[in-house]
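Q: fold the following, please.
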Amino acid sequence: MAMKRPLPESEKRLCGGCGSSERWLLHYIRLRGTFQRLCTNCVLKNHPGLFCPVCLDAFDFDHPLPARERVMCVKCPSIAHLACANSPSFQCPPCSSSSAAAFSFFSNAALGRESAMAFVAAAKIAANSMKKAAAAARSDAERRVREAVSAKKRAREALEVLAFLVSKEKEEKDSKGGGGELNSGQKAKSEMMNPGAMQVLANLATSMATEGTNGVRPNQLQSNDREEGA
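A: Residues are numbered from 1 along each chain as shown. So this is what the prediction gives:
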């Protein structure tokens, strides 16, 4: 796996979307599966359904705006408060602008009320994004721990079965009077050539190779967890 090249200090100061160099205005956010630094305008443009483009108020992320209280732009996924929309055929400010690409929710030159509202909305969206990313990382870590515990249990059980088969084979040979004493090297070779033991090892190796590095199938996790908790 190739290591990611550390970003030069000059690149850390740039917005990953538009190249803005105002470092203090950048928000750290997870977008499309990657962590990025984006300026306020780029955060808002990439999350049109999470804030009202008219009043610049971020929506409650845990309780979506009821359908009767919102209206969607006829040209993009942007959602506005019904009270903020200027008509039933609502167009958000970027779409109604003569140049949507040049439109900006945030003006660095004049930090007035609208720019402050835009900055706060972008900060809330970025914070919610990082909160979800942290929750996902925590969930993934817990899943990996469960898989590791289950894999360890299955490996221990396989070794116990192997030891049992080797012991059983030795007892059978002893009971038949099997041709005299074997030296330690011969005993080890005989035990390793035991068909039952070899099959157990083969099954374990195949299982670990085909089911992933942790050797656990998803549908086995729940049953193993129930066995441990029984």
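Q: does anything pack onto the helix ranked longest in the chain? Which helices or strands?
A: As far as residue count goes, and with DSSP state H defining each element, the longest helix of the chain is helix 113-175. Counting contacts by 3 or more Cβ pairs under 8 Å, 6 or more residues apart in numbering; DSSP states H and E, helix 113-175 packs against strand 27-31, helix 40-45, helix 184-192, helix 195-210, helix 218-229. For every residue, glycine as well, the C-beta is placed using N, CA and C.
Q: average pLDDT for the longest one?
A: If I follow you right, that is helix 195-210. The predicted model gives helix 195-210 an average pLDDT of 57.
Q: again, but for the second one
A: Model confidence over helix 40-45 averages 89 on the pLDDT scale.
Q: same question for the last one.
A: Helix 218-229 shows a mean pLDDT of 45 in the predicted model.
Q: so residue 28 touches residue 125, yeah?
A: No - at 11.6 Å, residue 28 does not count as touching residue 125 under the criterion of Cβ atoms under 8 Å.
Q: which one's more surrounded, those two?
A: residue 125 (23 against 12; other Cβ atoms under 10 Å).
Q: that one and residue 47, how far apart?
A: In this structure, residue 125 and residue 47 are separated by 5 Å, where distance is defined by Cβ to Cβ, to the nearest Å.
Q: next one: residue 19
A: Residue 19 sits at a distance of 19 Å from residue 47 (criterion: Cβ to Cβ).
Q: more neighbours, those two?
A: When residue 19 and residue 47 are compared on other Cβ under 10 Å, the one with more neighbours turns out to be residue 47, at 21 against 10.
Q: quick check: which element contains the more buried one?
A: Secondary structure assigned from DSSP states H and E places residue 47 in neither a helix nor a strand.
Q: which residues touch it?
A: With contacts taken as Cβ atoms under 8 Å, 6 or more residues apart in numbering, residue 47 has the following neighbours: residue 125.
Q: what about residue 48, how many residues nearby?
A: Neighbour count for residue 48, taken as other Cβ under 10 Å: 18.
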